[in-house]
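Chemist: just coords:
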Ligand code: HEM
């Protein structure tokens, strides 16, 4: 339930054995995935959009 930016950076950069998804998944799809996981399982996370994700690259 931290910042969606942290999850976005995880997808853009990757970490350890987790691959980067930059270039494989569009910023729009990344936003959709992040918003889904952060608003499922009873969670209520603030929404992120593709412009914020683009600004992190
Ligand atoms: C696209 C959907 C995905 C999302 C949203 C996602 C998100 C995350 C996040 C937020 C973490 C950090 C967890 C923490 O800090 O405790 C993480 C870690 C990790 N993810 Fe993913 N992930 C995704 C897909 C994948 C895939 C497809 C793989 C494997 C091929 C993978 C492998 C890993 C691994 C191995 C770690 C641990 C990295 C480390 O700390 O060494 N993830 N993931």
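Modeler: That came through, no problem. Keep in mind that this is a model prediction, so the values were computed, not measured.

Chemist: and the residue nearest the centre of the chain?
Modeler: For the chain, the residue nearest the mean C-alpha position is residue 8 (3.1 Å; CA atoms, centre = their mean).

Chemist: now do the contacts for the nearest residue to that residue once chain neighbours are set aside.
Modeler: Leaving aside its sequence neighbours, residue 8 sits nearest to residue 53 (CB to CB, 6 or more residues apart in numbering; 5.0 Å). All C-beta spots, glycine's among them, are computed from the backbone N, C-alpha and C. Counting by CB atoms under 8 Å, 6 or more residues apart in numbering, residue 53 makes contact with 8, 12, 27, 30-31.

Chemist: which stretch of helix or strand covers residue 53?
Modeler: helix 50-56 (DSSP states H and E).

Chemist: is the ligand within reach of that helix?
Modeler: No - using CB under 6 Å from any ligand atom, helix 50-56 never reaches the ligand; the gap is at least 12.0 Å.

Chemist: how far off centre is that helix?
Modeler: A distance of 10 Å separates the centroid of the chain from that of helix 50-56, by CA atoms, centre = their mean, to the nearest Å.

Chemist: avg pLDDT for it?
Modeler: Mean pLDDT, helix 50-56: 97.

Chemist: show me which residues of the protein are close to the ligand?
Modeler: 7, 10-11, 15-19, 21, 33, 37.

Chemist: again, only using 8 Å
Modeler: 6-7, 10-11, 15-19, 21, 25, 30, 33-34, 37 (CB under 8 Å from any ligand atom).

Chemist: just the buried ones from these?
Modeler: Among those, those scoring as buried are 7, 11, 21, 25, 30, 34 (criterion: 16 or more other CB atoms under 10 Å).

Chemist: okay if I get the residues you listed as JSON lines plus secondary structure and distance to residue 57?
Modeler: Shown next, in JSON lines, are these (DSSP: H, G, I helix; E, B strand; the rest coil; distance: CB to CB, whole Å):
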{"residue": "7", "secondary structure": "helix", "distance to residue 57": "15"}
{"residue": "11", "secondary structure": "helix", "distance to residue 57": "11"}
{"residue": "21", "secondary structure": "coil", "distance to residue 57": "12"}
{"residue": "25", "secondary structure": "strand", "distance to residue 57": "12"}
{"residue": "30", "secondary structure": "helix", "distance to residue 57": "10"}
{"residue": "34", "secondary structure": "helix", "distance to residue 57": "15"}
